[in-house]
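Asker: A structural model of the following input is requested.
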Amino acid sequence: MSFEINTKTPLYPPEVIDEVRQFDLEEVAQRLGMKRDRFDKKKWRITGCAISIDPSRGVFFDHLAQTGGGGAISLVTHVMQCDFVTAMDFLWGKPVDFPFRRSDKVVPAKVKVPEKPARCNRRDRQKWQDVKNYLIDHRGLPTFLIDSLHRQGLIDADSRSNAMFFRYAIASNFQLGEAVGASLRSTSGDLKLLTPGTKRNEGWFFFGIGEGIVYRIFLVESPIDAISLAALRGDSIYGRTIYISIDGAGSIPITVLTNAVQQGAKIILALDGDRPGEEMSWRIAKQLQSSLRVRPLAGKDWNEQLLGSKPYLPIKEEWFRFAIALGKDELTQQRIEHMVEQTILSTAEKKMLRFDWIAFRRRQDRLWQWYRQAEIARKSPEYLQRIVEIAIAFNQQQPVPLSKKAIETMQKDLFNQSYCVVGKN
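Answerer: Alright, predicted model coming up:
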């Protein structure tokens with residue numbers, strides 16, 4: 001998915017940005033077309049989001065995406081999947097056309113006009129040590145890797161001690177091309193956004209390890225995940241390994257990756273182990289056939305694995321979706337929905353959630369095995385695309401269970417694979 005940047009919109013002065021950032025989050029949620037949850041008054045819902053809002057602190061958390069932030073601007077960029085400038089235009093009352101519209105009930109505000117243009121975020125050398133300490137002490141990233149990326153001009157600090165991850169166009173042989181902006185990560189909260197004017201669909205945070213031809217390309221969801229995965233994997237023994245952050249459901253450098261595959265590189269989809277990461281991986285596989293899928297063994301993402309987190313277990317609100325995806329009967333779905341509405345699950349209910357999650361994860365794994373086996377068996381592109389479509393439907397926010405025919409075909413293809421292996425032995 002790629003986003004168009006509103007290049008006609010002037011930038012805003014810092015005092016205006018600060019004022020807008022402090023807008024009441026519940027009022028902003030209403031303007032975005034969100035509906036208050038009837039059971040949890042602090043939770044607001046819209047297609048693809050279930051967000052708890054604390055208006056007194058000005059923060060929010062999306063239980064489905066497992067991410068949060070602070071301020072009205074961050075809420076708009078998260079819910080509508082737009083860039084910083086578009087969010088500012090919307091909150092300041094200007095007419096906007098969101099690149100991804102979750103609701104047709106978006107309410108405009110009264111038009112205001114800023115008095116002067118804003119200043120872009122600038123590197124602040126005095127704040128770098130604070131950011132470096134955050135990346136090393138709180139995120140567990142190795143010092144040598146942080147120092148190396150800092151020397152290359154890929155990471156730095158701004159005047160508010162935010163970590164800056166600079167984005168570049170991808171030039172020939174994965175060299176740094178034109179600078180197009182930066183991604184910001186707060187070191188004191190969960191705030192994540194782009195610097196004003198960043199061309200999200202024209203540049204990425206990326207780096208390479210090793211020398212020679214590009215052998216592997218890992219796609220991850222964030223700059224910190226890219227560095228974490230590189231730390232977990234260590235040196236590239238054969239050829240060059242490239243790590244690219246695509247910002248979750250952000251833009252994908254399809255042309256660059258397609259050319260790399262034609263030259264022998266392997267695309268490895270190393271997105272998060274949650275539902276959005278799985279769905280996005282299949283959507284990329286639809287455009288880049290022969291892609292491989294890897295997930296963190298512990299935690300939701302690679303930084304959690306680096307920090308030694310426990311194995312990932314989704315929140316209870318996801319349980320009902322598993323029940324639908326696994327094709328459970330309507331009565332069972334109703335019982336699960338009732339249990340999910342409770343504040344705390346009992347020990348027995350937690351075991352049931354874990355059991356269904358394991359079954360769901362196994363089905364996800366089988367789909368990737370089926371896809372890989374179909375490639376090895378040289379099935380037609382149409383056959384592969386059909387597997388991808390089935391997998392996307394299975395992993396989307398409103399899942400579609402595998403049909404009886406799909407399950408039978410998958411089992412048959414995988415059985416044929418096992419039979420061939422045994423026959424060779």
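Asker: give me the mean pLDDT for the lengthiest strand in the chain.
Answerer: Scanning the chain for the strand with the most residues, using DSSP state E, yields strand 176-185. With pLDDT averaged residue by residue, strand 176-185 scores 89.
Asker: go on, stretch 411-422?
Answerer: Per-residue pLDDT values over stretch 411-422 give a mean of 67.
Asker: quick one: low-confidence parts of the stretch 1-150 of the chain?
Answerer: Counting by pLDDT under 70, the low-confidence segments of the stretch 1-150 of the chain come to 1-15, 99-121.
Asker: ranges for the helices of it?
Answerer: Counting by DSSP state H, counting those that start in this stretch, the stretch 1-150 of the chain forms helices over residues 14-21, 25-31, 72-80, 84-91, 128-133, 143-151, given from the N-terminal end onward.
Asker: in CSV, list those helices along with distance to Leu367 and mean neighbour count.
Answerer: Quick note: C-beta positions are derived from backbone N, CA and C, even for glycine. Formatted as CSV, those follow (distance: least, CB to CB, whole Å; neighbours: other CB atoms under 10 Å):
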stretch, distance to Leu367, mean neighbour count
helix 14-21, 41, 16
helix 25-31, 35, 20
helix 72-80, 28, 25
helix 84-91, 35, 24
helix 128-133, 40, 16
helix 143-151, 34, 14
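Asker: adding distance to Ile268, write these out as JSON lines.
Answerer: Formatted as JSON lines, the helices of the stretch 1-150 of the chain follow (distance: least, CB to CB, whole Å):
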{"stretch": "helix 14-21", "distance to Ile268": "37"}
{"stretch": "helix 25-31", "distance to Ile268": "37"}
{"stretch": "helix 72-80", "distance to Ile268": "27"}
{"stretch": "helix 84-91", "distance to Ile268": "30"}
{"stretch": "helix 128-133", "distance to Ile268": "28"}
{"stretch": "helix 143-151", "distance to Ile268": "19"}
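Asker: those: which one's closest to Ser403?
Answerer: When the helices of the stretch 1-150 of the chain are compared by CB to CB, helix 72-80 sits nearest Ser403, at 32.7 Å.
Asker: between helix 84-91 and that closest one, find me the angle.
Answerer: Here helix 72-80 points in a direction 100 degrees away from that of helix 84-91 (axes from the mean of the first three to the mean of the last three CA atoms, to 10 degrees).
Asker: circling back to that earlier point, so which of the helices of the stretch 1-150 of the chain gets nearest Phe98?
Answerer: Nearest to Phe98 among these is helix 72-80 (4.6 Å), distances taken as CB to CB.
Asker: list the helices and strands that closest one packs on?
Answerer: Identification of packing neighbours for helix 72-80 by 3 or more CB pairs under 8 Å, 6 or more residues apart in numbering; DSSP states H and E yields helix 14-21, helix 25-31, strand 49-54, strand 59-62, strand 67-70, helix 84-91, strand 192-194.
Asker: figure out how far the third one is from the centre of its chain.
Answerer: Average the C-alpha atoms of strand 49-54, do the same for its chain, and the two points are 17 Å apart (CA atoms, centre = their mean, to the nearest Å).
Asker: swap in the second one?
Answerer: Per CA atoms, centre = their mean, the displacement of helix 25-31 from the mean C-alpha position of its chain is 24 Å.
Asker: one more: the shortest one?
Answerer: Its chain's C-alpha centre lies 13 Å from the corresponding centre of strand 192-194 when counted by CA atoms, centre = their mean.
Asker: same deal with the first one?
Answerer: Relative to the centre of its chain, helix 14-21 is centred 27 Å away, using CA atoms, centre = their mean.
Asker: can you count the residues close to the residue lying closest to Lys192 once chain neighbours are set aside?
Answerer: In space, not counting the residues next to it along the chain, Lys192 is nearest to Arg185; the distance is 5.6 Å by CB to CB, 6 or more residues apart in numbering. The local packing count at Arg185 equals 22, with neighbours defined by other CB atoms under 10 Å.
Asker: again with Ala393
Answerer: In terms of burial, Ala393 registers 18 neighbours under the definition other CB under 10 Å.
Asker: pretty sure it is in a strand, no?
Answerer: No - in this structure, Ala393 is helix, not part of a strand, as judged by DSSP: H, G, I helix; E, B strand; the rest coil.
Asker: what sits against it?
Answerer: 399-400 (CB atoms under 8 Å, 6 or more residues apart in numbering).
Asker: now the phi/psi pair for Leu64, please.
Answerer: phi -80, psi -40 (degrees, to the nearest 10).
Asker: just Tyr215 next, same as before
Answerer: According to degrees, to the nearest 10, Tyr215 has phi -100, psi -40.
Asker: next: Glu221.
Answerer: When quoted as degrees, to the nearest 10, the phi and psi of Glu221 stand at phi -90, psi -20.
Asker: relative to Ile246, how far out is it?
Answerer: Glu221 sits 7 Å away from Ile246, taking CB to CB, to the nearest Å as the criterion.
Asker: now for these two: what residues contact both?
Answerer: With contacts taken as CB under 8 Å, 6+ apart, the residues that reach both Glu221 and Ile246 are Leu271.
Asker: let's have the helices and strands packed on helix 72-80 in JSON lines, adding distance to Ala348.
Answerer: What follows is those, written out as JSON lines (distance: least, CB to CB, whole Å):
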{"stretch": "helix 14-21", "distance to Ala348": "44"}
{"stretch": "helix 25-31", "distance to Ala348": "35"}
{"stretch": "strand 49-54", "distance to Ala348": "24"}
{"stretch": "strand 59-62", "distance to Ala348": "27"}
{"stretch": "strand 67-70", "distance to Ala348": "30"}
{"stretch": "helix 84-91", "distance to Ala348": "44"}
{"stretch": "strand 192-194", "distance to Ala348": "37"}
